[in-house]
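In: Pasted the sequence and its predicted model underneath.
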Amino acid sequence: MPAARYQPSRRAYPERLPAIEYGPADLVRKVRGYGHIKYQGREYHLGAAFAGLPVALRPTTIDGSFAVYFCQHKLGVLDLNQNKLS
């Protein structure tokens, strides 16, 4: 029975998360309420879980391609040539 095996976590859970900060070279976008970011007049779906949070776009070595990061976690790649986020 799952309820009998439940144990509370020993890790402390902060009431408030620390501020999210990105580097000066990062292009920061706030994720809209429905999970999209806007860049160069186009919208790209990232996910509603990130709504209201900032993400960073970092240029890659491929022209027109940006790595998308939430804090230090890479979420995907925005390809302006293909007009998609994957």
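Out: Perfect, thanks for sending it.
In: give me the element A4 is part of.
Out: Following DSSP states H and E, one finds A4 within helix 2-5.
In: Give me the next element, helix or strand, following that helix.
Out: Where DSSP H and E defines the elements, the next helix or strand beyond helix 2-5 is strand 27-30.
In: ok, back up a step: give the other helices and strands that the helix holding A4 contacts.
Out: Using 3 or more Cβ pairs under 8 Å, 6 or more residues apart in numbering; DSSP states H and E as the contact criterion, no helix or strand is in contact with helix 2-5. Every C-beta, even on glycine, is put in place using the N, C-alpha and C of the backbone.
In: Tell me the bridge partners for K84.
Out: On the basis of DSSP bridges, K84 is bridged to D79.
In: okay, now it: neighbour count?
Out: Neighbourhood size, K84 [other Cβ atoms under 10 Å]: 12.
In: Quick check: it touching Y44?
Out: Yes: look at K84 against Y44 with Cβ atoms under 8 Å: they come within range, at 7.4 Å.
In: I'd say K30 and A51 touch.
Out: No: if you go by Cβ under 8 Å, K30 and A51 don't touch, sitting 9.2 Å apart.
In: Quick one: distance of the lowest-mean-pLDDT helix or strand in the chain to the chain centre.
Out: When the helices and strands of the chain are scored by mean pLDDT, DSSP states H and E, helix 2-5 comes last with a mean of 83. Its chain's average C-alpha position is 34 Å from that of helix 2-5, according to Cα atoms, centre = their mean, to the nearest Å.
In: now N83: how far from H36?
Out: Noted for N83: a distance of 14 Å to H36, by Cβ to Cβ, to the nearest Å.
In: what does the helix holding A4 contact?
Out: Among residues not part of helix 2-5, none is counted as a contact by Cβ atoms under 8 Å, 6 or more residues apart in numbering.
In: Near G33, how many other residues are there?
Out: Each residue near G33 was counted by other Cβ under 10 Å, and the total is 9.
In: Might you report the residue contacts of it?
Out: Taking Cβ under 8 Å, 6+ apart as the contact definition, G33 lies against A48, A51, G52.
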